[in-house]
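Undergrad: return a 3D structure for these sequence lines:
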Amino acid sequence: SHPTALPPPPPSGERALLFNNARAANVVAQTLKGKAQDGKEHATKLKCLYISKDAFEEVLGPLQAIIDEDRKWREKVAEAQRNREDKEKLSNCKLGDFAVQGGALVSAATFQLHLVKNASTGAEYTLKSLSKQAVVDKKQTQRVAAEKALLASFDEGSTHVPLAVTSFDSGPYLHLLFKTRATCELSELMEDGKIAEGAAKFYVACVASGLAELHAKNVAYRNVSLDALTVDERGYVVLMDFCFAENMNTVARLTDYCGLPYYLSPEQVSGQGHDKSCDWWQLGILLMEMMTGTPPWTTGDPAQDSEVNIFARITSYAQAKPPKFPYPAEFPGATAEFVDNLLEPNPTKRMGARGAGWEEIKMQPWFAGFNWQGLATGSLLSPFEPVCRAKAEKAAKEKGAEITEAAYKGDASWYEGWSAFGIAK
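TA: Numbers count the residues shown, from 1 in each chain. From the prediction side, this is the model:
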């Protein structure tokens, strides 16, 4: 018999799948001979199997995407390992190993944020110092204990959700140490009480990305508001206030009231139970407040803006057919359409919670041309980066004041074991 002439081979191998380039090496199959039952020698048959580039991509997708996903997974594993090592190293540190830089970056009802530097390594962190007495006065003891437990369970940080690496108990204060350099609250960046639409788009994207990460861990954040969102030295929003956050692995619905009244979703107001979808409602309220400078559902008259009246307006909106949000006359139409999808009264039909999940937010016309990849990697320039860099540099140069408060003499059982931060496995 005569050998069959094969056509010129198409591009093959990984380079073919990636770039459609010709192969860089040959694979040669040697013919093996053996004796059959009749005692005669016969050449063994050779079967050649191959898969075309089109068929490969139809079943598995582009090879480059597979390589990229594998790289991301390996980087995530490596980052988690580094974070575990950081936690282990810092678990032996004392509060005295960190020097406070400058004054308080953020002062809230129960805590302050300070930039601190590790005296031995020079590494900078953000220290969240909670006043024990203020926590007790605000009846937040259970929430603070739950916040610490939740943060200790995370073994990886990100661009929008910084890692808490250890905790300290020092007399009147409880401390949490975060692997980030915070600068201020988001509300401090508002000029004339507002934020321009382009900047608002950046910050909505920041918060949405952070919420998506938490939702992937089955955590409801429930604390989206201008005064509860912190901005880091790059001008990025970082989620650091977990006092209202809940891990929903053991509960299907939440029924407690928490947060600012005008940020609550209809299902929170009704008290019939809510879940992670309330975060997307709060994102819509955040955008409205940034662009209008006025909290929704309020009139500006304190006598008319009681919690009862605010809840009545939210309920009235939710019950309208169809619901109609009171936008200012000059409010951009495309932005209003985006907000309408977030302020959907039915939580199962609300954008972010329905269908494609938060990916639908990224695909909205309002975000056309937005650099989501740059945001995820931190390479996208923030609208307020120069301002935030200047704040961070100023804090780093200033000598910090000692964090002091009168000794706490109340019940200590609610924060028992606070300094044992734990290493997530």
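
Undergrad: which stretches of the chain have low pLDDT?
TA: Applying pLDDT under 70 to the chain picks out residues 1-20, 22-25, 27, 29-46, 76, 83, 400-402, 422-425.

Undergrad: and the spatially closest residue to Leu60 that is not a sequence neighbour, how many neighbours?
TA: Excluding the flanking residues, the one nearest Leu60 by CB to CB, 6 or more residues apart in numbering is Ile66, at 6.6 Å. No exception for glycine: its C-beta is placed from N, CA and C like everyone else's. Neighbour count for Ile66, taken as other CB atoms under 10 Å: 14.

Undergrad: Ala376 now?
TA: Neighbours around Ala376, by other CB under 10 Å: 14.

Undergrad: ok, it - contacts?
TA: Thr159, Ser209 (CB atoms under 8 Å, 6 or more residues apart in numbering).

Undergrad: show me where this protein has strands.
TA: 33-35, 41-43, 98-107, 111-118, 124-131, 164-170, 173-178, 182-185, 219-220, 230-232, 237-238, 246-247 (DSSP state E).

Undergrad: in a markdown table, list those strands along with mean neighbour count and distance to Glu88.
TA: What follows is those, written out as a markdown table (neighbours: other CB atoms under 10 Å; distance: least, CB to CB, whole Å):
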| stretch | mean neighbour count | distance to Glu88 |
| --- | --- | --- |
| strand 33-35 | 9 | 60 |
| strand 41-43 | 10 | 62 |
| strand 98-107 | 18 | 17 |
| strand 111-118 | 22 | 15 |
| strand 124-131 | 23 | 16 |
| strand 164-170 | 21 | 10 |
| strand 173-178 | 23 | 14 |
| strand 182-185 | 24 | 24 |
| strand 219-220 | 22 | 24 |
| strand 230-232 | 26 | 25 |
| strand 237-238 | 24 | 23 |
| strand 246-247 | 18 | 23 |
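
Undergrad: show me the one of the ones you listed that comes nearest Pro261.
TA: Among these, the nearest to Pro261 by CB to CB is strand 219-220 (18.0 Å).

Undergrad: from the contact counts, what lies against that closest one?
TA: strand 246-247 (3 or more CB pairs under 8 Å, 6 or more residues apart in numbering; DSSP states H and E).

Undergrad: thinking again about what came up before, turn the strands of the chain into TSV, including distance to Lys72.
TA: Below are those laid out as TSV (distance: least, CB to CB, whole Å):
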stretch	distance to Lys72
strand 33-35	48
strand 41-43	48
strand 98-107	32
strand 111-118	30
strand 124-131	26
strand 164-170	23
strand 173-178	24
strand 182-185	27
strand 219-220	21
strand 230-232	22
strand 237-238	21
strand 246-247	25
